[in-house]
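Novice: okay, structure incoming, though there's no sequence with it:
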């Protein structure tokens, strides 16, 4: 006698059979994606098919968020997961936990997808590129301090254009931390009044350079106000940063050449400026002389003098009167000063009947300053008298003193 089951019981029974098979609990299947849909929940649903058959597949948000690329219809992939039954519909399906491209790396697919996305948004458009200055005063440089790229760049700049300052900001240029490290360096250096920013590193594999294929890094570089020069890897290496940068250089040395003039160019520029200045001065002098000559031809100086002779005579009289008045005022002031000086002079005192007595070079101002027998010189207004002291009287004491 057969067992009677409900539809739900049947689906559970089949599910248990499938899930009890250890081979079906972790199986890898190759096929082509069809009908891919990603819902707001983050869950992805699609059909995996080949030329003869198909199987419904689902990849939940947790696993899907770990993919480095976005699956698309027509993409051939290897999926790994388990087989079970969705009880509600009774449909068996593949629950995918991992997915890798068939024949091409997931990182390269992610690179191509991001490239198409940003290109469609206009981040690579030439009309959005900023011009790289030819004579920068300050160059910003982001790179690893341990690589040869930074050495090659700095040596080239020093040899070509030693007038520029190089502001170096270290960053990790390989590995998972590369995008975040470079973004931090950009945020640090962008407010340092740099004229141009160079981001560089040496060569490597596609995986080594993958840090520069980051979407956030690309948008950060695109939003900068200063022009950015990218020099990542070798000449044949291209990253997302190379496409979004304002200028892409094949090597660090080429990057240095792109932001600096050569010494020969500077010499030619200086010589050209000197020649232009000299011609401008010569032209100015020629024009000035021509203007003066034309002016001289148009002006009759005799006529001008005749028309203004009366005014000139008046000015002359005013000038003579001003000079005479000035001299008179100065003479009066001089006489007054001389009179004041004479009034203070000892000679003026002598003219009123007084005299000065000297004992040697010392002025005699008291009887106590001479002794009997001293030689005295008496100066009068009209001459000198030489005397010998025979006696002296102290007026205050009222007695003669020896």
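Specialist: It's in. Just so we're clear, the structure is a prediction, and the values are computed from it rather than from any experiment.
Novice: only C-alpha atoms from now on, for both contacts and neighbour counts.
Specialist: Will do.
Novice: please, where are all the strands along the stretch 301-402 of the chain?
Specialist: Counting by DSSP state E, counting those that start in this stretch, the stretch 301-402 of the chain has strands at residues 356-359, 362-363, 375-380, 383-388, 392-394, 399-401.
Novice: and of these, who's closest to residue 182?
Specialist: Closest to residue 182 of those, according to C-alpha to C-alpha: strand 362-363, at 95.9 Å.
Novice: parallel or antiparallel, list what pairs with the closest one.
Specialist: Paired neighbours of strand 362-363 in the sheet (DSSP bridges): strand 356-359 (antiparallel).
Novice: which residues sit against the strand it pairs with?
Specialist: Here strand 356-359 makes contact (C-alpha atoms under 8 Å, 6 or more residues apart in numbering) with 350, 363, 364, 365, 370, 374, 375, 376, 377, 378, 379, 380.
Novice: host element of residue 109?
Specialist: helix 106-121 (DSSP states H and E).
Novice: which parts of that helix are buried?
Specialist: Buried residues in helix 106-121, defined by neighbour count with 16 or more other C-alpha atoms under 10 Å: 106, 107, 108, 109, 110, 111, 114, 115, 118.
Novice: could you do stretch 141-157 as well?
Specialist: Applying 16+ other C-alpha under 10 Å to stretch 141-157 flags 141, 142, 143, 144, 149, 150, 152, 153, 154, 156, 157 as buried.
Novice: could you give the mean pLDDT of stretch 70-82?
Specialist: On average, the pLDDT along stretch 70-82 is 90.
Novice: distance between the ends of that stretch?
Specialist: By C-alpha to C-alpha, to the nearest Å, the extent of stretch 70-82 from end to end equals 21 Å.
Novice: for the stretch 1-150 of the chain, give me the ranges with low pLDDT.
Specialist: Low-confidence segments of the stretch 1-150 of the chain, defined by pLDDT under 70: 1, 103-105.
Novice: cool, and the stretch 251-400 of the chain?
Specialist: 267, 269-272, 274-275, 295-308, 323, 327, 334, 336-353, 395-400.
Novice: make it 90
Specialist: In the prediction, the stretch 251-400 of the chain carries residues with pLDDT under 90 at positions 261-400.
Novice: show me where it has its helices.
Specialist: Using DSSP state H, counting those that start in this stretch, the helices assigned to the stretch 251-400 of the chain run over residues 252-258, 263-298, 301-307, 309-344, 346-350.
Novice: may I see the buried residues of stretch 57-76?
Specialist: 57, 58, 59, 60, 61, 64, 68, 69, 71, 76.
Novice: equivalent analysis for stretch 248-266, please.
Specialist: Buried residues in stretch 248-266 (16+ other C-alpha under 10 Å): 248-261.
Novice: distance to residue 31 for these - can I get that in JSON lines?
Specialist: Listed next are the buried residues of stretch 248-266 as JSON lines, based on distance: C-alpha to C-alpha, whole Å:
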{"residue": "248", "distance to residue 31": "39"}
{"residue": "249", "distance to residue 31": "41"}
{"residue": "250", "distance to residue 31": "39"}
{"residue": "251", "distance to residue 31": "41"}
{"residue": "252", "distance to residue 31": "43"}
{"residue": "253", "distance to residue 31": "46"}
{"residue": "254", "distance to residue 31": "45"}
{"residue": "255", "distance to residue 31": "45"}
{"residue": "256", "distance to residue 31": "48"}
{"residue": "257", "distance to residue 31": "50"}
{"residue": "258", "distance to residue 31": "48"}
{"residue": "259", "distance to residue 31": "50"}
{"residue": "260", "distance to residue 31": "53"}
{"residue": "261", "distance to residue 31": "56"}
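Novice: this completes my enquiry, with thanks.
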